[in-house]
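**Student:** 3D model of this:
(2 chains)
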Protein chains: 2
Amino acid sequence: MVERQNGLESLYSIIPAGGIGSRLWPLSRADAPKFLHDLTGSGQTLLRDTWERLAPLSGADRIMVVTGRAHRAAVEAQLPELEDRNVVLESEPKDSSAAIGLAAAILLRRDPDVVIGSFHADHVIRDTRGLRRAVQEAVAVAQAGFIATIGISPTEPAIGFGYIHCSEPLAIPGAPSALGVDSFVEKPDLATAKSYLEGGNHLWNAGMFISRADVLLAQMAESEPALVEGLTALAEAWDTPRRGAVVDKIWPTLTKIAIDYSVAEPAAAQGRLVVVPGHFDWDDVGDFASIAKLHTGGRKSDLAILGEGARVLADSSSGVVISQSGRLISLIGVTDIVVVDTPDALLVTTSANAQRVKSVVDALKLSGRTDVL
Amino acid sequence: MVERQNGLESLYSIIPAGGIGSRLWPLSRADAPKFLHDLTGSGQTLLRDTWERLAPLSGADRIMVVTGRAHRAAVEAQLPELEDRNVVLESEPKDSSAAIGLAAAILLRRDPDVVIGSFHADHVIRDTRGLRRAVQEAVAVAQAGFIATIGISPTEPAIGFGYIHCSEPLAIPGAPSALGVDSFVEKPDLATAKSYLEGGNHLWNAGMFISRADVLLAQMAESEPALVEGLTALAEAWDTPRRGAVVDKIWPTLTKIAIDYSVAEPAAAQGRLVVVPGHFDWDDVGDFASIAKLHTGGRKSDLAILGEGARVLADSSSGVVISQSGRLISLIGVTDIVVVDTPDALLVTTSANAQRVKSVVDALKLSGRTDVL
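**Tutor:** Modelled structure (predicted):
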């Protein structure tokens, strides 16, 4: 590997743009997934925001997007710079190991020394300089043969995120802040989250992975050999006329498993995962409470209003209103409220209940009312 | 006056169907006033319910409806039995003294001995037998030359209603329970309402007036002589070809004043008002808290759902949902909530704030957003 000026020349970004974001129903749904919404008030979609964060890092010609066939047109409309060779379409969702693994396998065939960085399409980061610093270290970690993740320094005892339990500092050239990973920890309760914040040994798991493509696939092959065999066969055919036939044959057979389980956790257990602490703002905007917080700065008395042409008349009310119907919305004396107004479905809940939105989606699925999902 | 079998032969019912019901916005509005809604779940409008309560009392051919020109078609669709001679159309709203006074003046010209009973178009009463007993006594009171009102025996310390402070029992033939009226009392605070309930000398003011037409107009003429002069001129022309010209000339000039101020309060002060206690259920369904209570029986944990074809998915929620848009409405963890979903406007509030809905309407008027009023 030739050393280059900013250390990012080997990086190829991968954006898996797949999840619907069920906890953001009825805003997010099958035909309008979370990454196609503007949840920050930036005036553009989260996917576009993600693109604009990554283009300065890897170059716009080195960003690969993995998405469902149904979203191709919407994705390409958002990302006119996206090159055809960087579009990977899934005929059906197969979870993150298959999505990221296929991208890695394709890129590996094109460049045996490629370092891939996988970044969610629908997270929010505003401090792009902080992100760059962390990615530069993570790429150095990857060059050293480890799988790197970026863990976010907690700013509060959040109970909505998973955590990374860090171990000792490592001496990796170009990655002075890199730490070993003891383990991944599920979403904690508040007391535990407070102890994490005080202890200083836990970072938020932001689900970003940076690794040499060959290292990532080798790690995945240890736990999911059949999956990687399939991905390798797909990659071999990808840049040939056989692509369509091979995809039709192999893609449906692939194991559905999150990359956390096929790669991150086994690598951590084997001492192959390294975390770079990220000192920048980050949010997965996983539910309406996150959105409210993002827009009100956590001020309980504020009312955040999202939606083009929103017409809201509020009296003594706080929380978040997301307006997509153009209707006049009136709130009187409701606090911490969440109102999501779409043309065919209305949600009224509170920030405290935001995590339960997914259960409504599950209930709608069970009752067959998929017209609004 | 000839004595008749059931004592109701002289009665002519008047239904002033005018008020919009601003505290029920966005359900009630200029082109869909409260009386044209089904708020009880009976499957028919409040106006139709009112008609069906009164027809057995005065006869369907002896019910006069006073309404705005804009509502003529809707009213006639609700009341196919309504005879042309019993329709009084207002070119513009002039409050209850003009509406009821004109009906009384027209009926007086047709029958000098007529007893009129004025009943709101948009109140809820289910116990029609209880109503009949009270109306029979009230007609007897009217025959004796008094102005009668029916006061409802309170069943709880309501703070949303005005009260009638009763004085001593009167000895009026055919009206054994009739009482004198000391005064009308505005909506009290809770402590006062409790003392009223315990004291037993206060009844809810249901705004029903029963009187000989000549007595009513004479009383009104004492405080509003010009108004009654105008009403008399209108009545003289009413059943003639001159009606249109006279209406155009006189109606716009009439004083706007509630009948409470032009008739009831002065009559009470002069000892001419008599109250018959009504032992039946009654509600003015004046706001969404009333509607919620009407449907949940006051059980705080219940969720009432109104609206044809309402699709509501509720989890740990209580209050009232009124659905007019056909959209799926999802509630999660919201209690005592009021959600009113119409095609162009959405209201989210709580029962505790139901009285403040009118302020939204006022704000919309001020800001010129009359498209949703």
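**Student:** pLDDT below threshold where in the stretch 1-150 of chain A?
**Tutor:** Under the criterion pLDDT under 70, the flagged ranges of the stretch 1-150 of chain A are A:1-5.
**Student:** which residue ranges form the strands in the stretch 1-150 of chain A?
**Tutor:** All strands of the stretch 1-150 of chain A, identified by DSSP state E, counting those that start in this stretch, fall at A:11-17, A:63-68, A:87-90, A:115-118, A:147-152.
**Student:** Chain B is nearest to which of those?
**Tutor:** The closest of the strands of the stretch 1-150 of chain A to chain B is strand A:63-68. By C-beta to the nearest C-beta, the value is 24.0 Å. Where C-beta positions appear, they are placed from N, C-alpha and C, glycine not excepted.
**Student:** Quick check on the residue of the stretch 1-150 of chain A found nearest chain B: phi, psi?
**Tutor:** Residue nearest to chain B within the stretch 1-150 of chain A (C-beta to the nearest C-beta): residue A:26, separated by 7.4 Å. Main-chain torsions, residue A:26, degrees, to the nearest 10: phi -90, psi 10.
**Student:** surely it meets residue A:339?
**Tutor:** No - look at residue A:26 against residue A:339 with C-beta atoms under 8 Å: they stay out of range, at 11.0 Å.
**Student:** got any residues that touch both of the two?
**Tutor:** Counting by C-beta atoms under 8 Å, 6 or more residues apart in numbering or on different chains, the residues touching both residue A:26 and residue A:339 are A:346, A:347.
**Student:** What separates the first and last residues of stretch A:324-341, distance-wise?
**Tutor:** From its first residue to its last, stretch A:324-341 covers 6 Å (C-alpha to C-alpha, to the nearest Å).
**Student:** Can you report phi and psi for the most centrally placed residue in chain A?
**Tutor:** By C-alpha atoms, centre = their mean, chain A has its centre lying nearest to residue A:120, at 2.3 Å. Note on residue A:120: its backbone torsions stand at phi -60, psi 140 [degrees, to the nearest 10].
**Student:** for residue A:187, same thing?
**Tutor:** The phi/psi pair for residue A:187 (degrees, to the nearest 10) is phi -50, psi 120.
**Student:** wait, doesn't residue A:136 sit right on residue A:6?
**Tutor:** Yes - contact criterion C-beta under 8 Å: residue A:136 and residue A:6 qualify, at 7.0 Å.
**Student:** neighbour count winner among the two?
**Tutor:** The neighbour count for residue A:136 versus residue A:6, taken as other C-beta atoms under 10 Å in any protein chain shown, is higher for residue A:136 (19 against 10).
**Student:** Can you tell me how far that one is from residue A:209?
**Tutor:** Counting by C-beta to C-beta, to the nearest Å, the gap from residue A:136 to residue A:209 is 15 Å.
**Student:** Equivalent analysis for residue A:37, please.
**Tutor:** In terms of C-beta to C-beta, residue A:37 sits 24 Å off from residue A:209.
**Student:** repeat for residue A:303
**Tutor:** Residue A:303 sits 37 Å away from residue A:209, going by C-beta to C-beta.
**Student:** Comparing these two, which residue is more hemmed in?
**Tutor:** Counted by other C-beta under 10 Å, residue A:303 and residue A:209 do not tie: residue A:209 has more neighbours, with 26 against 21.
**Student:** so the more buried one is in which element?
**Tutor:** Counting by DSSP states H and E, the element that carries residue A:209 is strand A:202-212.
**Student:** Same question for residue A:320.
**Tutor:** With DSSP H and E as the test, residue A:320 turns up in strand A:319-323.
**Student:** Which neighbouring elements make contact with that strand?
**Tutor:** Contact here means 3 or more C-beta pairs under 8 Å, 6 or more residues apart in numbering or on different chains; DSSP states H and E; on that basis strand A:319-323 packs against helix A:288-296, strand A:303-306, strand A:311-315, strand A:328-332, strand A:337-341.
**Student:** Rebuild the ones you listed as JSON lines, extending it with distance to chain B and mean pLDDT.
**Tutor:** Output for the helices and strands packed on strand A:319-323, formatted as JSON lines (distance: least, C-beta to the nearest C-beta, whole Å; pLDDT from 0 to 100):
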{"stretch": "helix A:288-296", "distance to chain B": "10", "mean pLDDT": "88"}
{"stretch": "strand A:303-306", "distance to chain B": "12", "mean pLDDT": "92"}
{"stretch": "strand A:311-315", "distance to chain B": "6", "mean pLDDT": "92"}
{"stretch": "strand A:328-332", "distance to chain B": "4", "mean pLDDT": "96"}
{"stretch": "strand A:337-341", "distance to chain B": "6", "mean pLDDT": "97"}
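**Student:** just the ones you listed: most buried one?
**Tutor:** Mean neighbour count (mean count of other C-beta atoms under 10 Å in any protein chain shown) peaks for strand A:337-341 among the helices and strands packed on strand A:319-323, with a mean of 26.
**Student:** right, quick check: the very next helix or strand once past that strand against chain B, any contact?
**Tutor:** Reading on from strand A:337-341 to the C-terminus, the next helix or strand found by DSSP H and E is strand A:345-350. Yes - looking at strand A:345-350 against chain B by C-beta under 8 Å from any C-beta of the partner chain, the contacts come from A:345, A:346, A:347, A:348, A:349, A:350.
**Student:** Kindly report the same for stretch A:12-22.
**Tutor:** No - for stretch A:12-22, no contact with chain B is found by C-beta under 8 Å from any C-beta; the gap never falls below 12.7 Å.
**Student:** Kindly check the end-to-end length of that stretch for me.
**Tutor:** One end of stretch A:12-22 sits 29 Å from the other (C-alpha to C-alpha).
**Student:** What of stretch A:182-194?
**Tutor:** One end of stretch A:182-194 to the other measures 19 Å (C-alpha to C-alpha).
**Student:** chain center to it: distance?
**Tutor:** 20 Å (C-alpha atoms, centre = their mean, to the nearest Å).
**Student:** residues making contact with it?
**Tutor:** Contacts for stretch A:182-194 (C-beta under 8 Å, 6+ apart): A:157-167, A:196, A:202, A:205, A:260, A:264-265, A:268-269.
**Student:** Now, of these, which are buried?
**Tutor:** Among the contacts of stretch A:182-194, those classed as buried by 16 or more other C-beta atoms under 10 Å in any protein chain shown are A:157-158, A:160-166, A:196, A:202, A:205, A:260, A:264-265, A:268.
**Student:** where's the dip in pLDDT among the residues you listed?
**Tutor:** For these, the weakest pLDDT value sits at residue A:160, with 87.
**Student:** mind listing what that one touches?
**Tutor:** Residue A:160 sits next to A:187, A:284, A:286, A:287, A:289, A:290, A:355 when contact means C-beta under 8 Å, 6+ apart.
**Student:** Could you single out the nearest of these to chain B?
**Tutor:** Taking C-beta to the nearest C-beta as the measure, residue A:355 is the one of those closest to chain B, at 9.7 Å.
**Student:** Enumerate every residue touching that closest one.
**Tutor:** By C-beta under 8 Å, 6+ apart, the contact set of residue A:355 is A:23, A:160, A:287, A:289.
**Student:** That one in helix, strand or coil?
**Tutor:** Assigned with DSSP: H, G, I helix; E, B strand; the rest coil, residue A:355 falls in the helix class.
**Student:** And the pLDDT for it?
**Tutor:** Value for residue A:355, per-residue pLDDT: 88.
**Student:** And it, how far from residue A:205?
**Tutor:** 17 Å.
**Student:** for residue A:123, same thing?
**Tutor:** On the measure of C-beta to C-beta, residue A:123 and residue A:205 end up 12 Å apart.
**Student:** what's the answer for residue A:182, then?
**Tutor:** Applying C-beta to C-beta, the value for residue A:182 to residue A:205 is 13 Å.
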